[in-house]
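Asks: what's the 3D shape of this:
(one chain, ligands or ions: 1)
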Amino acid sequence: MPEGIEALRLRDPALHPVAEKVLSGVRLETADGLALYATRDLLGLGRLADHANTRRNGDRVFFSANQHINPTNVCVLRNTCTFCSFARMPREGGAYTRSLEEVFHEAEQARGMPTREFHIVGGLHPKLRLSYYTDMLRGLKERHPDVHIKALTAVEIAHLARIERCSERDVLVALKGAGLTSLPGGGAEVFSTAVRATIAERKLTGEEWIRVHRTAHELGIRTNCTMLYGHVETAADRVDHLAMLRALQDETGGFLTYIPLAYHPDHNELGEEMGRIGTATTGYEDLKNVAVARLFLDNVPHVKTHWPMVTPFLSQIALGFGCDDVEGTVVYERVYHEAGAHTQMHMPYLELVRLIRGAGKRPVERDSLYRAVREEFDDPPPEPTFRRGAGLPVVHAA
Ligand code: V47
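Replies: Numbers count the residues shown, from 1 in each chain. Next up is the predicted model:
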């Protein structure tokens with residue numbers, strides 16, 4: 001038996017063979033992933049994932065000073081991605097499309113803040129051309145030369161290629177030339193064909209999502225990866241999804257971080273069908289998804305907890321369950337708040353420092369490529385500014 005397994009105090013015998021593999025650096029197989037998802041020993045699972053994370057990252061936890069920008073919510077998939085509350089048809093109430101000047105105006109908030117990254121995602125607009133995005137990136141770079149740009153999911157890249165009748169590679173080359181640093185990990189949802197047929201019928205397939213990321217990696221563009229969990233998917237779907245991400249990472253090494261995204265059911269068709277309101281996942285499930293990912297994705301350097309979705313409180317706990325990366329300052333967020341997230345939109349920089357230190361970890365501010373940019377910080381203010389519910393109305397199930 002490898003040294004150290006007793007210290008994990010595993011209560012579920014099914015975890016023992018998996019833990020032995022983890023401690024000896026042997027890759028987990030599908031059956032191991034399923035055993036991890038099946039266990040009721042959440043604390044044992046968490047200790048194992050914390051061990052894997054600490055072996056890789058020590059006690060460092062990365063965060064970024066970022067600003068999310070959503071240039072449009074108009075999306076041709078509005079009626080077929082049943083989990084999404086953000087998208088609108090072009091003439092639907094609440095639809096918006098920002099002019100470039102409006103985007104630049106929103107980005108001006110970065111001046112009074114320590115922002116180092118713009119995180120830009122929107123919808124599949126039927127009319128916005130590639131030039132809208134390249135002009136946006138150039139304009140942002142001119143105004144904020146030191147701010148990295150992480151923009152456009154694989155779905156948006158594939159859509160632009162269709163509109164322009166060019167290859168996804170051409171789109172990525174043009175965006176890189178205009179100042180793109182990296183791609184966010186959205187649009188992956190769950191790769192299973194059956195799941196996609198239910199929740200995202202007309203979205204690009206899992207294989208196509210992988211193809212866009214492979215092309216980005218070949219061009220030297222690093223990317224993130226995600227999985228949207230907590231709806232109709234099974235544990236087997238989740239493990240298959242992780243296996244596909246791991247296989248691409250073996251091939252290219254281009255993924256920077258993996259982010260499990262907790263499904264939010266408010267104001268979308270899927271949530272209505274499921275009869276859920278407020279939240280679809282539990283803290284237990286959220287922590288499990290973090291821990292399993294850290295153990296299964298043995299080749300992805302970082303696992304990020306997305307505090308706007310799971311709350312700053314749970315994100316802090318996730319730092320002991322395998323996460324070494326926390327979502328950043330954000331500033332303004334629409335995708336999850338439209339879907340019922342009750343968290344605040346902005347996390348002040350020093351609050352992130354407090355959150356990480358409070359978990360017994362060492363905060364490291366990073367840039368978009370995970371290079372450490374700051375490790376010494378002023379003391380955070382004595383009282384945290386984040387609040388349960390953040391003042392947004394809490395909707396209770398009937
Ligand atoms: O692909 C949409 C998810 C994603 C809902 O790379 C929903 O650092 C929950 O790309 N409930 C887009 N999730 C967001 C995205 C992202 C987010 C955080 C970090 C990074 C990164 C990228 O948001 C979509 C979808 O999976 N989403 N609707 C919903 N109702």
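
Asks: Point out the residues in this structure that sit beside the ligand.
Replies: By CB under 6 Å from any ligand atom, the residues of the chain that approach the ligand are 83-85, 121, 153, 184-187, 189, 224, 226, 228, 259, 261, 263-264, 268, 306, 335-336, 339. The C-beta positions use only the backbone N, C-alpha and C, and glycine is treated the same way.

Asks: Among the residues you listed, name the ones in strands.
Replies: Of the positions in those, 224, 226, 228, 259, 261 sit in strands, assigned by DSSP state E.

Asks: ok and the residue in the stretch 1-150 of the chain nearest the ligand?
Replies: residue 84 (4.3 Å; CB to the nearest ligand atom).

Asks: tally of neighbours for that residue?
Replies: Residue 84: 25 surrounding residues under other CB atoms under 10 Å.

Asks: got the contact list for it?
Replies: 75, 77, 78, 268, 335, 339 (CB atoms under 8 Å, 6 or more residues apart in numbering).

Asks: before we move on, what about residue 294?
Replies: Counted by CB under 8 Å, 6+ apart, residue 294 has contacts 49, 52, 53, 303, 321, 322, 323.

Asks: so of those residues, which ones are in strands?
Replies: Counting by DSSP E, the contacts of residue 294 place residue 303 in strands.

Asks: Give the closest residue to residue 271 in space, chain neighbours not counted.
Replies: residue 265 (2.7 Å; CB to CB, 6 or more residues apart in numbering).

Asks: correction: residue 361
Replies: Nearest to residue 361 is residue 61, by CB to CB, 6+ apart, at 4.3 Å.

Asks: got a list of what the one you found touches?
Replies: So residue 61 contacts 319, 323, 324, 325, 326, 356, 359, 361, 362, 363, 364 (CB under 8 Å, 6+ apart).

Asks: Name all residues that make contact with the fourth one.
Replies: Taking CB under 8 Å, 6+ apart, we find residue 325 in contact with 61, 62, 63, 257, 302, 303, 304, 305.

Asks: Tell me which residue lies nearest the centroid of this structure.
Replies: residue 259 (3.6 Å; CA atoms, centre = their mean).

Asks: so where do the strands sit in the stretch 201-350 of the chain?
Replies: Under the criterion DSSP state E, counting those that start in this stretch, the stretch 201-350 of the chain contains strands at 222-229, 255-262, 302-305, 325-326.

Asks: can I get those in CSV with mean pLDDT?
Replies: Output for the strands of the stretch 201-350 of the chain, formatted as CSV (pLDDT from 0 to 100):
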stretch, mean pLDDT
strand 222-229, 98
strand 255-262, 97
strand 302-305, 98
strand 325-326, 98
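
Asks: do you know which of those lies nearest residue 276?
Replies: strand 255-262 (12.1 Å; CB to CB).

Asks: Which other helices and strands does that closest one contact?
Replies: strand 222-229, helix 235-252, helix 283-296, strand 302-305, helix 307-318 (3 or more CB pairs under 8 Å, 6 or more residues apart in numbering; DSSP states H and E).

Asks: Residue 41: neighbour count?
Replies: 18.

Asks: How about it: what's its closest non-neighbour residue?
Replies: residue 12 (3.9 Å).

Asks: Run a quick neighbour tally on the one you found.
Replies: Neighbour tally, residue 12, other CB under 10 Å: 17.

Asks: which residues does it contact?
Replies: Contacts for residue 12 (CB under 8 Å, 6+ apart) come out as 39, 40, 41, 44.

Asks: Next: residue 51.
Replies: Counting by CB under 8 Å, 6+ apart, residue 51 has contacts 4, 8, 22, 23.

Asks: How about residue 67?
Replies: Shown in contact with residue 67 (CB under 8 Å, 6+ apart): 107, 109, 110, 113, 115, 117, 118, 119, 329, 330, 331, 332.

Asks: quick one: the fourth one and residue 331 touch, right?
Replies: In other words, residue 113. Yes: using CB atoms under 8 Å, residue 113 is in contact with residue 331, at 7.4 Å.

Asks: Could you report the distance from the closest residue to the ligand within the chain to residue 275?
Replies: Closest to the ligand within the chain is residue 186: 2.1 Å, counting by CB to the nearest ligand atom. As judged by CB to CB, to the nearest Å, residue 186 and residue 275 stand 26 Å apart.

Asks: In terms of neighbours, single out the busier of those two.
Replies: Each of residue 186 and residue 275 has its neighbours counted (other CB under 10 Å); residue 186 has more, 21 against 9.

Asks: That one against residue 226, yeah?
Replies: Yes: taking contacts as CB under 8 Å, residue 186 lies within contact range of residue 226: 5.9 Å.

Asks: who touches both of these two?
Replies: With CB under 8 Å, 6+ apart as the test, residue 186 and residue 226 both reach residue 261.

Asks: With adjacent residues omitted, what lies nearest to residue 347?
Replies: Using CB to CB, 6+ apart, the nearest residue to residue 347 is residue 329, at 5.4 Å.

Asks: how deep is the one you found tucked in, by neighbour count?
Replies: 22.

Asks: ok, the residue lying closest to residue 377 once chain neighbours are set aside to residue 374 distance?
Replies: Closest residue in space to residue 377, ignoring its immediate chain neighbours: residue 353 at 4.8 Å, by CB to CB, 6+ apart. Going from residue 353 to residue 374 by CB to CB gives 10 Å.

Asks: before we move on, back to that, for the helix or strand encompassing the residue nearest to residue 361, the distance to its chain's centre please.
Replies: Using DSSP states H and E, the element containing residue 61 is strand 60-63. Centroid separation for strand 60-63 versus its chain: 15 Å, with CA atoms, centre = their mean, to the nearest Å.

Asks: Follow the chain on from it and name the next helix or strand.
Replies: strand 66-69.
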